[in-house]
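Visitor: Okay, structure incoming, though there's no sequence with it:
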């Protein structure tokens, strides 16, 4: 059974004159215990809206979210089971309070520990699990006295305090120095395995998505355009949008000029995306077609999800929403 199962999730935001903008359109996926699913896409693709719906910060317009197979779960139980690690650890921690305060509150609020020695021991144990030692010294500090990596470790420990079964990680290393990103990702991976967590890793970094997830979903303007095993999606991208993302991602050994070119390409992509929102009506065909080098007349109709078999012909679970692979395009 899936730890979290999402079916036909739809999210609309109200706009002026009674209109609405569809940020997420009929999204379905499941999160499995002990496994990581990566959700990738450029800014504005709908990743943050998905996280807001799963953390109950916004109410979906349609669809269902099942926790451990149950449609209806008390808000208190749901929020305890589904925890989130935010992108910016400094903004997500109250600068007026100590690290101990940040960890004590969820422990006491959820009944995971009682006041006194039990909660002090639980705080020390959480800090030890995220490699913040000596725990007594760290617990007395406030966020501004910690490095960026240490703050994110505190944020992770706070998310673990209620003993969740699902962890939502919103680009958890994008605000950190490159030198410590790998440490934080390795920490999340270890905690996922030790605690049998179902982890949703939201990122725009294809390299980390490949190495730290078993499956990848690629979103574009509210729709999943490609999904499947990580290696299949990254090494053998079949949707034109995934191919664009893979081509724009600098390699590990990229030069400074290559990194700069990739950044400029992302900025240009954002400008094109904003123009597309004005020109393309939601609900019309493939939303990537104004940018697609393979666009055809049939792309004005919404594509079906096509199976992408392996070289041996086996079904690996690789899927793409593209007319190039449905057999209809000719």
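Guide: Alright, I've got the coordinates. Not measured: the values here are computed from a predicted model. Residues are numbered from 1 along each chain as shown.
Visitor: where does the closest residue to residue 286 other than its chain neighbours sit relative to residue 108, distance-wise?
Guide: Spatial nearest neighbour of residue 286, excluding adjacent residues (Cβ to Cβ, 6 or more residues apart in numbering): residue 299 at 4.6 Å. For glycine as for every other residue, the C-beta is placed from the backbone atoms N, C-alpha and C. Separation of residue 299 from residue 108 (Cβ to Cβ, to the nearest Å) stands at 55 Å.
Visitor: Residue 237 too?
Guide: Taken as Cβ to Cβ, the span from residue 237 to residue 108 is 47 Å.
Visitor: likewise residue 163?
Guide: Residue 163 is 13 Å from residue 108, by Cβ to Cβ.
Visitor: Neighbour count for the two, which is higher?
Guide: residue 108 (16 against 13; other Cβ atoms under 10 Å).
Visitor: in this protein, which helix or strand is least confident?
Guide: Here the helix or strand of the chain ranked lowest by mean pLDDT, DSSP states H and E is helix 256-279, holding a mean of 51.
Visitor: which residues are contacting the very next helix or strand once past that one?
Guide: The element immediately downstream of helix 256-279 (helix or strand, assigned by DSSP states H and E) is strand 305-307. Residues outside strand 305-307 that contact it (Cβ atoms under 8 Å, 6 or more residues apart in numbering) are 315, 318, 319, 320, 321, 322, 325, 326, 327.
Visitor: Apply 7 Å and report the result again.
Guide: By Cβ atoms under 7 Å, 6 or more residues apart in numbering, the surrounding residues in contact with strand 305-307 are 315, 319, 320, 321, 322, 325, 326.
Visitor: want to try CSV for these, with pLDDT, distance to residue 121 and secondary structure as columns?
Guide: Converted to CSV, the contacts of strand 305-307 look like this (pLDDT from 0 to 100; distance: Cβ to Cβ, whole Å; DSSP: H, G, I helix; E, B strand; the rest coil):
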residue, pLDDT, distance to residue 121, secondary structure
315, 89, 49, coil
319, 93, 47, strand
320, 94, 50, strand
321, 92, 50, strand
322, 92, 54, coil
325, 86, 55, helix
326, 75, 58, coil
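Visitor: Narrow these to those that are buried.
Guide: Among the contacts of strand 305-307, the ones that count as buried by 16 or more other Cβ atoms under 10 Å are 319, 320, 321, 322, 325.
Visitor: Got the domain ranges for the protein?
Guide: 4-213, 236-330 (automatic domain parsing).
Visitor: winner for burial among these?
Guide: domain 4-213 (a mean of 18; mean count of other Cβ atoms under 10 Å).
Visitor: Quick check: end-to-end length of it?
Guide: Terminal residues of domain 4-213 are spaced 16 Å apart (Cα to Cα, to the nearest Å).
Visitor: Do a quick rundown of the helices in the chain.
Guide: 47-54, 75-81, 89-92, 99-109, 117-129, 135-139, 148-160, 178-195, 206-211, 230-235, 240-248, 256-279 (DSSP state H).
Visitor: re the thing from before, surely the residue nearest to residue 286 and residue 288 touch.
Guide: No - counting by Cβ atoms under 7 Å, residue 299 stays clear of residue 288, with 8.4 Å between them.
Visitor: Where does the prediction get shaky in the chain?
Guide: 1, 249-283, 327-330 (pLDDT under 70).
Visitor: Now do the contacts for the spatially most central residue of it.
Guide: Nearest to the mean C-alpha position of the chain, counting by Cα atoms, centre = their mean, stands residue 202 at 1.9 Å. Listed by Cβ under 7 Å, 6+ apart, the contact partners of residue 202 are 39, 47, 51, 169, 170, 171.
Visitor: Take those and lay them out in a markdown table including distance to residue 10.
Guide: Converted to a markdown table, the contacts of residue 202 look like this (distance: Cβ to Cβ, whole Å):
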| residue | distance to residue 10 |
| --- | --- |
| 39 | 16 |
| 47 | 15 |
| 51 | 15 |
| 169 | 23 |
| 170 | 20 |
| 171 | 23 |
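Visitor: Tell me which two in these are the farthest apart.
Guide: Put simply, by Cβ to Cβ the two of the contacts of residue 202 set farthest apart are 47 and 169, 11.3 Å from each other.
Visitor: Can you give the distance from stretch 22-39 to the centre of its chain?
Guide: On the basis of Cα atoms, centre = their mean, to the nearest Å, stretch 22-39 is displaced by 8 Å from the centre of the chain it belongs to.
Visitor: hmm, I was thinking of stretch 224-243
Guide: 16 Å.
Visitor: so how far is residue 11 from residue 182?
Guide: 33 Å.
Visitor: what's the answer for residue 294, then?
Guide: 29 Å.
Visitor: Same question for residue 227.
Guide: Distance from residue 227 to residue 11, by Cβ to Cβ: 19 Å.
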